Each structure stands twice: as structure tokens, then as C-alpha cells.
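Trainee: Structure for the following, please:
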Amino acid sequence: MTHKSHPLPRSPKLPEPVAAAPEAVPFPAADAVDSGVTLAPLVGRKTPIIGIGASAGGLEALEQFFSHVSPKSGLAYVVVQHLDPVKESLLPDLLQRYSQVPVVQVRDITLVEANHVYVAPPGFEVTLLHGVLHLLKPVTPRGLQLPIDFFLRALALDQQANAAGVILSGMGSDGTLGLRALKEKAGGVFVQAPESAMFDAMPRNAVDSGLADVVAPAEQLPEKIVAYFSHPLLAGPLDERMVDRLQNSLEKILILVRAHTGHDFTEYKKSTVYRRIQRRMAIHQIEGVDEYVKYVRENPVEAELLFKELLIGVTCFFRDPEVWQHVKLEVLPALFAAHPEGCELRAWVPACSTGEEAYTLAILFVEALEELKPAARFTLQIFATDMDKDAIEKGRIGFYPENIASDVSPGRLARFFSKVPGGYNVSKEIRSMIIFAPQSLASDPPFAKLDVLSCRNLLIYLESELQQKLVQMFHTSLNPGGYLVLGTAETVGAATHLFAAVAAKTRIYRRLGEGRGPAGMAFPLPGSVARIKAQELTVRAASVAPVVPSLQTLADQLLMKRFAPTAVLATAQGDIVYFSGKTAKYLEPPAGKANLNLFAMLRPSLRQPLSDLFYRTVRQKLPGKLDAVSLADDGVGSTVRISVEPVDDPKAFDGLFMVVFSDIVAVPVKAVTSASGETSQDARVPDLMLELARAREEHQATREEMQTSQEELKSANEELQSANEELTTSREEMQSMNEELQTVNSELQTRVDAFGRANDDMENLLNSTDIATLFLDRLLHVRRFTNRATSVIKLIPGDIGRPISDLTSDLKGDLSSDAADVLRTLIFKEKDVEATGKRWFRVRIMPYRTQDNRIDGVVITFTDITSSKHLSEPDTAPYS
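Mentor: As a prediction, this is how the structure comes out:
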């Protein structure tokens, strides 16, 4: 059965939306192009390379394709087919009869030139490096070979947006993974219309994957490919100035996408968004952005297609194998060791697309458990989320095409997948560990108390401000010591105080700190709800009675204030996280944008000596000190002593450094005078001096009392702030738990609906066969029966769960004995048995096998053969 779509209304000058998903609209048919027609050549740019994959029935499709290729198209074509590795290929000679451009068989180290066709030889895999074709011997000479995927992946890595993939007639799903790689690099994807293909499996898999930009008959594809690469927006590198000039139009497009999908892409990198919009415009042959805005408004399906284009949902099993090897050998064993008593580990895979990465993590967890065999019991709960509901649904189903064999080893395929027609199903053991749910990272609350968070190849598409927000959110979501796994081109940026690199090359980071996250960091809430919650927290916090500090606390605070030296606490990069004492004498805010870096705030005369001392201490992890450093900036010429030492206790201060400033007071020289023997003429002077001393003492006492009151208020305020932070943390945890419960409930509801539909299907199927069927469990209790079975055994719905031996049967013999024999020997039985009323039934008893190949009872069918028995009158006997 072929898939057809219905075109949408369109403006007179614009083409209809191109099929990029199963429900999309096919590219409009074009008039046949005579082989002699010359299309406009591409000039002033690198030659685009077109990778073409075909298999069964591919010769006819290739002939149709190349008979319409212009000799001056400016493109290069590389054809990869499924060929017998030991037989010589005649494909170059056959294609040359229909092609106006030279057709040659690829040799090792072949430079790709425009207006040439290159055909892969049998027995080799073709790869590409800097526009030069190379030949490699397959790793396995026989067995499942995926040469189309292999070449298209190499083509995507080497040429990126300057390439396109074409899938023609063929069996299987080879080429789909290669198209995903091309799509990620902004390459074009062209697919033969399945209804026009001799064998539609390969084209249909490509279309169903949602990757196709253009779907058309083979003879129409060359013209559309040339038109795509001839588009002026794709003829050169991306112009950042053009992106700035078109900011208003780009925002209008994103507003239309948000109105259609509910998702906001304004914080994605403008260059990424514009490049994806350029591709859509080139596919539709639209030259102006304003014209494309109009097109999106008139064709809502284009907004959906652009939404999927912006998501860049490209993934595969065990992508970047060295990363996952490190997770298996380092991260998971460390988590096991950190919980010797055992526990349920929690992981989150945001932007999971169709779920391959989440399943990869689950497989590695099971393998690590089997290899390490920890004494305690561990389980893993994985939350897999994405904005694309279609991708989430595919991940939830857990079905993947046969070509995943290129990424998953045969051992893992046998252990964690079950082979089904057309591909593989994920095993129940792995599937049960993962909960899939739609979610937007930018607007929905995150999951909390996580041990592993894997967000790979998403941050590179986001603006730096959103990147930092997400990194802070990841820090809050992870448990202390939890692990963050990023893409190989991503880092935590400036958040080195939140995460420490475990393996820089693989971009795996460990969470630093013991608390829930930086002060003030909270999970995002919808606007109105956030305001209401903030008001509630303020009222509740205000009702907390201040705690009166003890005498020891007051004394300690007084000593710290009056006698402790001035100091600051800083990170290894010099970023100040805490001030103690009056630092204005040594530090001053720099002019311009606020900056709390120690070396930016230091007085000029202290900057050089302290810089040397600080970095020496960071390198050596040993305390250091400078004596008698002149402070020439205070106008007095004071002298200061500076010491720097690493802080590792308490544990929360690990990685921080204390910088202490101490003034060196010069000892005054006492003046020597001779006694004159004269007495004061004013007798009031001693009294005035005494009164002045008393006033000074009273003034000092008043100051101390005021300072004590200030300290009490400060302590009360700190207690209040602590209570407020605890309330905020509790609120965040409750909100995260609520989000989790909603996700689990959604997953369970989806499963209940699926089970309900499957149950209805099975009921209708069993009843429609008109065969009496009885299902028994391992104890030979009734589990299920069809309506027809009641004519053989006296059954009512209330009999479910009762032993078969307790029921009345019209059969002459002991049915339960034979059922027990089958359950014991696992060998089916079949015999003709007489029933009351001169009826005869053919009774067939078989073991009941579950999907994971367990025996869980027996299935008994009763086929009425009364008519045939009466005609033949064979010798039969009842059960005995």
C-alpha cells in the first residue's frame, strides 16, 4: 500500500510544501526534462557532491535519473549499490548508455570533479576526505553490509551543507542513517517517490523517518537537485551581516513557528536558524525572506516542517563510542562505589530525539552490573525528554530499522534486541528502565536529584546566555558528585566553579559543591505562578521568629569584626565569592561592567606581586606569603603583609583559596622632653581630661552596644534568609516531583491505552476466527476464553481463575491431564475427541510462550469437525 498526501492551497507563484515527514506533501511533479536540456551551471563555488544509494530495482531508477542529468550541471555524483563482492560490475557501462556525463568506476584516491559520475566498485566501501574518494575493504566480507550509510556519513562529515543524499529503489533500510548525518550538517535529502520505485522499502524508510526534503519520481530528481544548489542563498558562505539585517523577518518566522507548535526558538543561534530557513527557501525556490514569511502563513504545514528542521533530531546508538566507553568504565563504577548500600540511580536525557541515547545508557548500565557484580542491588530510572512529540512516540515504541547493526555490535543486538520483520525491537528489560515524555528545556521544570545527566549536541545550537542558564540548571538538578555528559563540541563555559572535567576529551564533568546550586538559582515557573509562589514564600518567611544568638556566637562575631584581618575567598581563576572585613584599602571596583575578579579589583601596587603569589599557590597547592609589600595607592605609603592558602575544609570550600591582607603598623618613636617643673595655671585641665576620657568610654560602650545590636540583627537576618532558602528548596523539590509524577502518569496512561487497544484487537481477532480457544496459566487455571469455547466447556466470566478440573466439559475424557502433560514436556498434542450430542472436536494443546520466550501456561483450541467425521467415520477414541 503506497502512501499518498493531499496538497494544500498555495499562492500562484509558490510551490507546495515538500515532503519531510510521512504526512507531508510531495514535491509537485515537474515536466520531464529531455536529456539534451542544459541547466544553468553553478559557478564560483566548491563542487557539490551528490551521494546516490540504490539496491534492488536500482538499475532502472538510475537509468531514469541519469538520462535527465545535464552535462553542465556543475555537480558530481557518486553511486553506491549493493553488489556481489566477487563479481565484476557492469554498472558503469550500463549507466554510460543513458548519461551525457562521463561515468567511471572509483579507484583508490580519486579526486572528485564536477560533471562526472563515480560508481563504487564491488567488494569495497567508499569514503571521502577533502573531496578525494578512497576505497576500504569491509570489516566483514560477508553478512549484513550497509555501504550506502557508510558513504553518506563520510560525505556529511567531509562536505557538510555542500552535499546531498539521494535514495532510490531498494530493499531494506540502508541509507537512512546516512541521511540523518547529512541532515545534521544541513545537507539536502532527495528521495524517489515510493510508488514509482520497483522496490519501495528503502525510499519508504527514508520518507517515514521524516528526513526527506524532496520526494519525486527518479527522472524528476536531477532538475530539483540542480535548482536546490543553484539557489542564491546556498551559493556562498553564510553572511552574518545579512542575518542582522533580516532580524525582523526572522523573528516573524519564529513567531509563526511558536504559534503553530508552542515552542520558542528565539534563543537559538541566529546563524543556525537562518541556515535552516535558507534550506527551506532553497527547497521551495523562494528568494526573499519576506516572501517566505508569507508562505509560512499561508501553509501551516511548512511551520511544522521548519519546526522539525530546527530541532535537528539526529542521533544514533553509541554515538562517539569513546564517550560511552568512559561512561561504562569510569562513571557507572564510581556511582556504584559511592552507594555501597545500593540504591536507585536516576538519569535524565534531555533532547533525546527518538531515544537511541537513552537506550544506550540503559544498555551500558546492565552491562556494567553484569561485569562488576556489585554486592548491593542497583536499579536505574531514565527520563528521556524532547520537544518533538513524534520523536518521543518513536522512542517509546522502541522499534528501529535493520541498519542499526552498523552501530550496535552483534552481541548487543542478540542480548538487548529482538529481531522482527523490518528491524529490531528493544527488549522489555531495557524498555522498562526508561520513561519518555515531551518537554521543553527552556520553559518546563527540570528533573531533580539526578546521578547522570546526558545532554549531548544541544548547547552548540543555543545562544551563550541560554547555554549558561541550562548549565546552572543542570548543576541544580544533579546530586552532589553527579555526572554531566555533553557533546564532544560542547563545554560548561565559564561554569568551571560548578563542574570539574573528568575527561576533557569526552566532555564528561562531575558536579562540584554540596548544596542544591548557586544562591538564587531556582527552577523556572510560569510567570503568574512564580509571582504567587514568591508572595507566599515572603509571607511565610516573615512569620519565622528571629533566633537570639548565644553569648559565644556574639563574642566570636565581635572578635572577628574587631581583630580578624581583611580577607577574601576566591576560586582558582581569581573570581571572588566572599569578602571579610573592610577591603576598600586594598580592592576597588573597576570602571565599566561589574567585575568581581580579584586581579581586576586590586590596587595597582598590589596587582603584580599578588598575582605571582596567587598562581604559585594554585599550582603548588601550598600556602604562600609576602611580607612588607608597599601600598603606594593610599597616599600614606602603608606596608601590608599578604598571605594566600588553599582551603579544603569544610568540603564545600574545596577548590577555593583564602587571600588575607594584614597592615604592618610602624612603631612610633616617643619624644623625650625635659621636665620644666612648671605646674598648670589652669586647675580645670585634669577635670576636663577625666571628663573627656569618661565621654570616650561612654561613646565606646555605645558603639559596642550598637555593633552588638547590628550583629544580632544580621544574625537574625541570616537565619531568616536560611529559612527562606530552605522553603525555596522545598518548593523546587515539590515542583520537580510533581513534574516527575505527571511524566510517569503520562507514560502509564500511554501504556494503558496501548494495552487496551491491543486487548480489543485480540478479543476481536479471537472471536472472529470462530474457533473455540481456551487459555490456561501455569497452574492450569482459566486465564481467558473465546465466546465459542462456551459451547464445549461450561464457562462464564466468573470462571476466570478457576482450575480447569473444576469445570464441566462436554468432552468425553480428562482434558486437564493432557494439558498438564504438555506443560511438563513442552510438546504440543493434537487429537480428535468425541463430545456429547455426537459432536467431534479436534483438540490442539500448545505451550503458551511470552514475548521473552518464557512458558506461562497452555493454549487449547477446539475445532468442530463433526461434519467430516460423519462422512469418513474414522476410528477415534475419547480422552483416556
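
Trainee: Where does the closest residue to K394 other than its chain neighbours sit: helix, strand or coil?
Mentor: Leaving out its chain neighbours, the residue that sits closest to K394 by Cβ to Cβ, 6 or more residues apart in numbering is T354, at 4.5 Å. Any C-beta I mention is one placed from the backbone N, CA and C, and that applies to glycine too. The three-state label given to T354 by DSSP: H, G, I helix; E, B strand; the rest coil is coil.

Trainee: Just give the number of residues close to T354.
Mentor: Applying other Cβ atoms under 10 Å, we find 29 residues neighbouring T354.

Trainee: and it, what does it touch?
Mentor: By Cβ atoms under 8 Å, 6 or more residues apart in numbering, T354 lies in contact with G313, T315, A391, K394, G395.

Trainee: which residues touch the last one?
Mentor: With contacts taken as Cβ under 8 Å, 6+ apart, G395 has the following neighbours: C352, S353, T354, G355, E356, A358, Y359, A384, D386, I434, F436.

Trainee: and the helix or strand hosting it, average pLDDT?
Mentor: Using DSSP states H and E, G395 sits within helix 389-397. For helix 389-397, mean pLDDT rounds to 88.

Trainee: Let me see the residues that make contact with whichever helix or strand comes after that helix.
Mentor: Next helix or strand after helix 389-397 toward the C-terminus (DSSP H and E): strand 399-401. With contacts defined as Cβ under 8 Å, 6+ apart, strand 399-401 is touched by 172-173, 176, 205, 317, 356, 417, 420, 422-426.

Trainee: Tabulate those (JSON lines), appending pLDDT, distance to N787 and secondary structure.
Mentor: Formatted as JSON lines, the contacts of strand 399-401 follow (pLDDT from 0 to 100; distance: Cβ to Cβ, whole Å; DSSP: H, G, I helix; E, B strand; the rest coil):
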{"residue": "G172", "pLDDT": "82", "distance to N787": "42", "secondary structure": "coil"}
{"residue": "S173", "pLDDT": "83", "distance to N787": "41", "secondary structure": "coil"}
{"residue": "T176", "pLDDT": "87", "distance to N787": "44", "secondary structure": "helix"}
{"residue": "N205", "pLDDT": "88", "distance to N787": "40", "secondary structure": "helix"}
{"residue": "F317", "pLDDT": "92", "distance to N787": "45", "secondary structure": "coil"}
{"residue": "E356", "pLDDT": "92", "distance to N787": "44", "secondary structure": "helix"}
{"residue": "F417", "pLDDT": "93", "distance to N787": "37", "secondary structure": "strand"}
{"residue": "V420", "pLDDT": "86", "distance to N787": "30", "secondary structure": "strand"}
{"residue": "G422", "pLDDT": "81", "distance to N787": "34", "secondary structure": "coil"}
{"residue": "G423", "pLDDT": "86", "distance to N787": "36", "secondary structure": "strand"}
{"residue": "Y424", "pLDDT": "91", "distance to N787": "36", "secondary structure": "strand"}
{"residue": "N425", "pLDDT": "92", "distance to N787": "31", "secondary structure": "strand"}
{"residue": "V426", "pLDDT": "93", "distance to N787": "35", "secondary structure": "strand"}
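
Trainee: got the CA coordinates for stretch 265-272 in CSV?
Mentor: Taking C-alpha atoms only, stretch 265-272 is exported to CSV below (Å, rounded to 0.1, in the frame of the first residue of the first chain):
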residue,chain,number,x,y,z
PHE,A,265,13.4,29.3,19.1
THR,A,266,14.4,32.9,19.7
GLU,A,267,17.3,31.8,21.9
TYR,A,268,18.8,29.5,19.3
LYS,A,269,21.8,30.8,17.5
LYS,A,270,20.7,33.2,14.7
SER,A,271,23.2,31.7,12.2
THR,A,272,21.8,28.2,12.8
